[in-house]
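J.: Attaching a predicted model along with its sequence, questions to come.
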Amino acid sequence: MNRELVFLRSFAVTTVIGIVFITSTAFKKSGNQKFSEIDVERINIVEKDGTVKMVITNVDRFPNGTEKINNRPTNADRKKRSGMLFFNEEGIEAGGFIYDGRKTKNGHSAGLSFTYDQYDGDQVMQLLTQDMEKDGKRFVSSTLAFNDRPSKESQLKTMEIMNELEALRKKDPKAMEEKYKAYEAQGLIGGVPRVMLGKSRNHNNGLFLFDDKGLPKAMFYVDKENNAKLDFFDEKGNVIASFPEKKK
């Protein structure tokens with residue numbers, strides 16, 4: 001009986017020591033781990049100090065206001081999509097890559113967007129594709145756009161302002177518009193397109209230039225009838241010069 005008890009105790013101690021050794025050495029193994037295939041819903045790429053630098057995620061785990069990243073709130077108004085988000089050295093969101101696509105009742109809807117943000121602001125560069133079909137008619141637009149953003153823009157301040165404006169809109173839409181213009185004049189919100197290269201909604205393919213208010217100033221393009229054109233516009237959007245000139 002004593003022999004069996006000593007054996008069982010020795011066996012138990014040896015087993016525990018073996019498990020501890022295997023567990024500790026397995027997680028301390030240096031070098032790259034190799035996998036033939038891995039299924040994962042979300043990956044957070046982090047620095048040694050824990051700062052999240054990139055998030056690769058499916059639709060369900062896409063951050064949109066229900067969590068904080070780098071102790072900062074995420075955009076609650078953003079639709080959930082599969083893709084990636086990028087963060088700078090200070091943990092501030094700096095851009096992203098998203099995409100989606102599905103059948104609809106009368107066709108389909110698909111899109112892709114790759115953006116780079118102004119420091120602590122919104123997008124100043126965007127590669128965008130939209131592909132929509134409805135009732136047998138298909139529209140596809142692919143563009144590379146460059147935008148101006150407000151000089152005093154801040155992501156956290158923008159969230160605060162947008163919440164204020166949304167609450168005001170429900171009570172007094174006109175007051176909300178005036179408040180928006182006031183914040184815009186302070187350089188806190190706003191933003192306009194300045195350069196666009198690609199296909200417009202009018203099926204014109206070319207280079208489109210805008211002024212500091214986002215109004216069209218010049219376009220060099222090929223229209224849907226395959227005519228090459230160069231147009232210039234005044235501050236009201238009227239064509240003031242065109243090449244080649246229209247034949248009378």
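T.: Cool, the structure landed.
J.: Strand partners (parallel or antiparallel) of the helix or strand hosting residue 113?
T.: Using DSSP states H and E, residue 113 maps to strand 107-117. Note on strand 107-117: by DSSP bridges, its sheet partners are strand 93-104 (antiparallel), strand 123-134 (antiparallel).
J.: Including mean pLDDT, mean neighbour count and distance to residue 65, could those go into CSV?
T.: Backbone N, C-alpha and C define where each C-beta goes, glycine included. Formatted as CSV, the strands paired with strand 107-117 follow (pLDDT from 0 to 100; neighbours: other CB atoms under 10 Å; distance: least, CB to CB, whole Å):
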stretch, mean pLDDT, mean neighbour count, distance to residue 65
strand 93-104, 95, 16, 13
strand 123-134, 94, 16, 18
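J.: Serialize these to JSON lines and add fields for distance to residue 246.
T.: Converted to JSON lines, the strands paired with strand 107-117 look like this (distance: least, CB to CB, whole Å):
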{"stretch": "strand 93-104", "distance to residue 246": "40"}
{"stretch": "strand 123-134", "distance to residue 246": "31"}
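J.: Looking at the ones you listed, spot the one closest to residue 213.
T.: Comparing the strands paired with strand 107-117 against residue 213 with CB to CB, the closest turns out to be strand 123-134 (16.8 Å).
J.: Need the contact partners of that closest one.
T.: 95, 101, 104, 106-118, 138-149 (CB atoms under 8 Å, 6 or more residues apart in numbering).
J.: and if you look at stretch 90-110?
T.: 51-52, 59, 69-72, 74, 81-88, 111-117, 119-120, 123, 130-138, 155.
J.: what's the burial count for residue 196?
T.: Residue 196 has 21 neighbouring residues, counting by other CB atoms under 10 Å.
J.: State the helix or strand in which it lies.
T.: Applying DSSP H and E, one finds residue 196 within strand 192-199.
J.: That strand vs strand 123-134, what angle?
T.: Using axes from the mean of the first three to the mean of the last three CA atoms, to 10 degrees, the direction of strand 192-199 lies 50 degrees away from that of strand 123-134.
J.: circling back to that earlier point, so for the strand holding residue 113, what gets flagged as buried?
T.: Burial within strand 107-117, assessed by neighbour count using 16 or more other CB atoms under 10 Å, is assigned to 110, 112, 113, 114, 115, 117.
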